[in-house]
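Peer 1: Any chance you could fold what I've pasted below:
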Amino acid sequence: MTSTLAQTPLHSWHASHGGRMVDFAGWSMPVQYTSIVTEHQATRTAVGLFDVSHMGRVRFGGSDAESFLDSIVTRRVRGMQPGQIRYALVTNQDGGILDDVLVYHLADSSSPYQLVVNASNRQKILAWLESHRTADVEIYDATCETAMIAVQGPKALEIARPLSSVDPASLRYYHGASSEIAGTEGLISRTGYTGEDGCELIVPAGSAPALWEQLVAAAEHVGGCAAGLGARDTLRLEAGMPLYGHELSEDVNPFQAGLAFAVNLKDRSFPGRDALAKLRDQANMPVRIGWELAGKRVPREGYAVLADGQPVGHVTSGTFSPTLEKPIAMGYVDAAFAAPGTEVAVDVRGHGEPARTVELPFYRRTN
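Peer 2: Numbers count the residues shown, from 1 in each chain. Got it, this is the predicted structure:
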């Protein structure tokens with residue numbers, strides 16, 4: 001581990017509690033503490049705690065903040081109510097995806113908007129924002145002075161409730177509120193990236209270690225635990241959620257990625273809007289789908305998908321699903337082979353493993 005990697009406010013805790021630290025987008029992050037499967041199953045059955053402080057948090061103020069963001073992201077920002085959060089995309093002029101983001105409208109008059117962006121894209125998006133800045137917009141990168149913790153699972157709200165002045169169960173999905181969290185001012189939101197219910201907490205960096213310790217103690221009491229990036233990845237893959245750098249990139253547009261819901265074209269102008277209007281009705285693009293494999297061999301990123309021995313697509317993410325107990329994968333395939341039930345093969349080290357196309361997500365919680 002090089003000393004040049006950025007560290008979250010919880011780095012010392014991770015390192016002293018068995019976290020296997022890896023370089024993730026320039027940050028020293030725990031990939032696991034015990035095993036990925038254990039941490040995955042704890043999140044599905046009780047609660048998993050994730051340090052997601054590496055994600056970028058960018059705040060916006062000024063009289064033009066709303067109109068500026070509305071001119072940058074693919075989803076309408078005008079008219080968002082205080083407390084509302086929207087999933088959106090930032091696209092280039094050709095309609096390729098620069099990042100997928102969360103837009104927060106906060107009840108804070110000094111900086112009423114916030115973007116949460118992927119760690120790997122933070123500097124790119126900051127530069128993009130600066131290059132499109134209008135007259136009265138203040139852009140402030142709050143990433144390093146804050147921490148972000150994801151509390152996910154069927155018992156997530158139970159353990160977060162005593163620590164927050166706002167009951168997380170009172171928040172609708174994709175809504176948030178300013179709250180006193182473990183004695184400090186912060187933000188709580190009903191959001192996550194695991195397919196489970198839960199919340200995400202943003203607090204000042206200096207307050208994060210004490211909050212984390214309280215959450216860990218509460219989680220252990222109900223059968224939960226701290227979880228690393230490994231479980232976060234298997235959980236989001238089961239939930240059919242795309243990951244930038246895998247399912248999403250500047251070479252992929254929102255429609256083929258299955259993200260049409262996050263694109264509002266009518267009466268709007270943003271980078272890539274006109275290109276997306278032309279791409280919207282194209283039927284011959286490779287599209288994002290899921291596969292379940294019949295055997296035990298795990299498909300990995302870049303593996304070819306074959307029909308009658310010919311390549312028709314490729315895997316972008318694959319794993320052995322701890323919940324379904326079978327190999328699963330997401331990727332892109334020619335539209336002719338995208339229908340659920342279509343039988344194909346995945347080239348796993350020179351051997352064609354039988355696979356069946358399935359609708360996403362692979363896993364959906366029942367409650």
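Peer 1: Quick check: which ranges of the protein have low pLDDT?
Peer 2: 1-3, 108-109, 367 (pLDDT under 70).
Peer 1: Now do the helices in this structure.
Peer 2: For the chain, the helices defined by DSSP state H occupy 11-16, 36-45, 65-70, 122-131, 156-160, 208-221, 229-238, 273-279.
Peer 1: Dead centre of this structure: give me the residue that sits there.
Peer 2: Tyr193 (5.0 Å; C-alpha atoms, centre = their mean).
Peer 1: gap between that one and Ala257?
Peer 2: Taking C-beta to C-beta, to the nearest Å as the measure, Tyr193 falls 16 Å from Ala257. In short, each C-beta sits where N, CA and C put it, glycine included.
Peer 1: Same question for Arg20.
Peer 2: Arg20 is 31 Å from Ala257, by C-beta to C-beta.
Peer 1: For those two, indicate the residue with more neighbours.
Peer 2: Ala257 (20 against 15; other C-beta atoms under 10 Å).
Peer 1: Contact partners for that one?
Peer 2: 97, 242, 247-248, 288 (C-beta atoms under 8 Å, 6 or more residues apart in numbering).
Peer 1: Closest to Gly272 out of those residues?
Peer 2: Ile97 (9.0 Å; C-beta to C-beta).
Peer 1: From what I see, Gly358 and Ser321 are in contact.
Peer 2: One thing to correct before we go on: residue 358 is Val, not Gly. No: if you go by C-beta atoms under 8 Å, Val358 and Ser321 don't touch, sitting 11.5 Å apart.
Peer 1: Pick out whichever of those two has more residues nearby.
Peer 2: When neighbours are counted by other C-beta under 10 Å, Ser321 comes out ahead of the other of Val358 and Ser321, with 21 against 16.
Peer 1: Find the residue closest to that one in space, skipping its chain neighbours.
Peer 2: Distances taken as C-beta to C-beta, 6 or more residues apart in numbering place Ile328 nearest to Ser321, at 4.8 Å, with adjacent residues excluded.
Peer 1: For stretch 180-198, what is the distance to the chain centroid?
Peer 2: 14 Å (C-alpha atoms, centre = their mean, to the nearest Å).
Peer 1: Give me the buried stretch members for it, please.
Peer 2: 181-182, 186-198 (16 or more other C-beta atoms under 10 Å).
Peer 1: now, the most widely separated pair of those residues?
Peer 2: Largest pairwise distance in these, by C-beta to C-beta, is 26.3 Å, between Ala182 and Gly195.
Peer 1: returning to that earlier point: which one of the helices of the chain lies nearest to Met55?
Peer 2: Once these are compared by C-beta to C-beta, helix 122-131 is nearest, at 8.1 Å.
Peer 1: in the closest one, what counts as buried?
Peer 2: So helix 122-131, judged by 16+ other C-beta under 10 Å, has buried residues 122, 124-126, 128-129.
Peer 1: my guess is Ala142 contacts Arg57, does it?
Peer 2: Yes: counting by C-beta under 8 Å, Ala142 does reach Arg57; the two are 4.8 Å apart.
Peer 1: Among these two, which residue is more densely surrounded?
Peer 2: Per other C-beta under 10 Å, whichever of Ala142 and Arg57 has more neighbours is Arg57, with 23 against 15.
Peer 1: Now do the same contact list for that one.
Peer 2: 114-116, 141-143, 146, 148, 202.
Peer 1: Can you get me a residue count around Asn121?
Peer 2: 21.
Peer 1: Quick check: the gap between it and Ala275.
Peer 2: From Asn121 to Ala275 the distance is 20 Å (C-beta to C-beta).
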